[in-house]
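> Using only what follows, build the 3D model:
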Amino acid sequence: MMGTIGEVASFITSGSRGWAKYYSPTGRVFLRIQNVRNGKLELDDVVYVDPPDSQEAKRTAVQAGDVLLSITADLGRTAVVPEGLGLAHINQHLAILRLQGVNPQFVAKYLASPGGQRQFERLNREGVKAGLNFNDIRSLQIPLPPLAEQKRIAAILDAADVLRAKRREALAQLDTLLQSTFLDLFGDPVGQRWKMATVEEVARNEKNAIRTGPFGSQLLHSEFVSEGIRVLGIDNAVANEFRAGEPRFITPQKYDQLRRYTVRPGDILITIMGTCGRCAVVPDDIGIAINTKHLCCITLDRDTCLPEFMHEYFLRHPIARHYLEQSAKGAIMSGLNMGIIKNLPIPVPPLDLQRRFTAIAESIQQQKALQREHLAELDTLFASLQSCAFRGEL
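Modelled structure (predicted):
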């Protein structure tokens with residue numbers, strides 16, 4: 001049997017603007033859309049407010065068991081307010097669904113399922129602007145099996161989700177291990193009395209060792225084809241490790257005109273447009289490829305600097321981060337360019353130490369690949385469980 005949110009909600013409200021003036025170092029938790037992630041409240045990036053008592057403060061206060069729903073931008077995120085949160089309020093990007101006679105976890109999980117998300121997609125397409133109004137929220141359809149069955153389904157999905165959360169946590173711990181290992185080895189270049197150089201000085205001594213991709217009419221979007229020579233863009237580096245990204249190709253004839261932009265295994269890719277400052281190492285199996293103008297590509301002198309060291313240094317080291325932050329602030333437009341990257345100061349540790357770190361990094365990357373594979377399997381299992389559960393087949 002299907003019903004609607006309007007039939008089971010005793011109270012629906014959204015937050016409002018203007019809370020910034022109440023921000024405080026301590027006080028009541030102020031929930032924003034970024035706190036609703038992975039189907040639960042994430043309070044690692046929380047802010048606090050100290051508002052005066054008012055009808056507005058009462059209206060936007062959450063209670064344990066409320067379902068929170070994102071209603072603008074990234075529609076359809078859900079979380080259930082847990083016991084023990086205390087006094088908390090929501091901003092204008094979230095709505096509170098206070099339900100009666102149904103299990104909040106079951107409702108939240110259904111709205112986050114493919115069946116629930118399709119409704120948000122439809123409402124978003126039909127709306128004049130991205131966002132849900134109260135009538136949209138009330139119209140959302142949900143299955144309504146008996147309450148005991150709702151609780152059973154929610155518990156099964158919770159158990160499956162715990163396994164996924166553990167895999168995500170394992171991935172995060174591997175990232176932390178890589179960072180701490182890097183800083184243990186290379187965190188004090190001054191104390192080690194290592195030579196300081198610039199990125200330009202550790203690049204290979206050849207023309208175009210540091211380059212961006214073709215600009216303007218050199219490469220038009222209309223010249224991309226379905227197969228041929230690969231073209232790398234922001235999506236290949238935005239995760240701070242190389243990802244397959246969107247398939248883009250040019251013909252061998254076009255490549256002949258753009259050979260100077262060839263990307264090689266072990267090159268460093270840095271995003272300089274759009275999402276700036278992301279970094280990845282080109283893998284050995286890349287084949288023939290070029291990069292777009294959105295990337296800066298660096299071919300290193302590997303007798304001086306190894307790619308894995310350069311990658312982690314760019315992302316993790318305080319010297320690099322401070323330089324990049326200060327340079328971006330001083331740029332005409334906030335972002336990166338080849339001049340900033342060429343002049344980035346970088347220590348030159350002994351190659352043996354860089355090789356040692358490279359071996360550790362490769363081992364950690366292998367473990368991450370294994371964890372991602374397991375997570376993908378669990379995601380598939382979870383999707384199957386969702387489908388069966390909400391069709392009454394679980």
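
> so what pLDDT did Met333 get?
Looking at Met333, its pLDDT is 47.

> backbone phi and psi for Lys254, please?
phi -70, psi -40 (degrees, to the nearest 10).

> And for the closest residue to it other than its chain neighbours, the neighbour number?
Using C-beta to C-beta, 6 or more residues apart in numbering and skipping residues adjacent in sequence, the residue nearest Lys254 is Glu223, 5.9 Å away. No exception for glycine: its C-beta is placed from N, CA and C like everyone else's. Glu223 has 13 neighbours, counted by other C-beta atoms under 10 Å.

> which ones are touching Asn103?
Asn103 makes contacts with Leu147, Gln150, Lys151, Ala154, as judged by C-beta atoms under 8 Å, 6 or more residues apart in numbering.

> Next one, pLDDT for the last one please.
So the one you mean is Ala154. pLDDT recorded at Ala154 is 94.

> That one and Arg59: what is the separation?
Using C-beta to C-beta, to the nearest Å, Ala154 is found at 28 Å from Arg59.

> Give me the more crowded residue out of those two.
When neighbours are counted by other C-beta under 10 Å, Ala154 and Arg59 differ, and Ala154 comes out ahead with 20 against 15.

> Mind giving me the packing neighbours of the helix or strand where that one lies?
Assigned by DSSP states H and E, Ala154 belongs to helix 147-186. In terms of contacts (3 or more C-beta pairs under 8 Å, 6 or more residues apart in numbering; DSSP states H and E), helix 147-186 is packed against helix 104-112, helix 307-316, helix 351-390.

> what residue ranges in the stretch 1-150 of the chain are flagged as low confidence?
Low-confidence segments of the stretch 1-150 of the chain (pLDDT under 70): 125-130.

> Count the residues that sit near the closest residue to Gln192 other than its chain neighbours.
Excluding the flanking residues, the one nearest Gln192 by C-beta to C-beta, 6+ apart is Pro349, at 7.2 Å. For Pro349, the neighbour count with other C-beta under 10 Å is 20.

> quick one: buried residues of stretch 161-172?
Neighbour-count burial for stretch 161-172, with 16 or more other C-beta atoms under 10 Å as criterion, is recorded at Asp161, Arg164, Arg167, Ala170, Leu171.

> could you dump those residues to CSV with pLDDT?
Formatted as CSV, the buried residues of stretch 161-172 follow (pLDDT from 0 to 100):
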residue, pLDDT
Asp161, 90
Arg164, 92
Arg167, 94
Ala170, 95
Leu171, 93
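
> care to break this structure down by domain?
2-144, 195-348 (automatic domain parsing).

> which residues does the nearest residue to Leu177 once chain neighbours are set aside contact?
Spatially, and ignoring its direct neighbours in sequence, Leu177 is nearest to Ile364 (6.3 Å; C-beta to C-beta, 6+ apart). By C-beta under 8 Å, 6+ apart, Ile364 lies in contact with Leu174, Leu177, Leu178, Thr181.

> Could you tell me which of these count as buried?
Leu174, Leu178, Thr181.

> just the residues you listed now: which is nearest Ile341?
Within the buried ones among the contacts of Ile364, the smallest distance to Ile341 is 22.3 Å, found for Leu178 (C-beta to C-beta).

> Quick one, grab the pLDDT at the closest one.
Listed pLDDT for Leu178 reads 95.

> how far away is it from Thr358?
To Thr358, Leu178 is 12 Å away according to C-beta to C-beta.

> now the helices for the stretch 1-150 of the chain?
Listed in chain order, the helices found in the stretch 1-150 of the chain under DSSP state H, counting those that start in this stretch are 5-8, 55-59, 104-112, 114-126, 134-139, 147-186.
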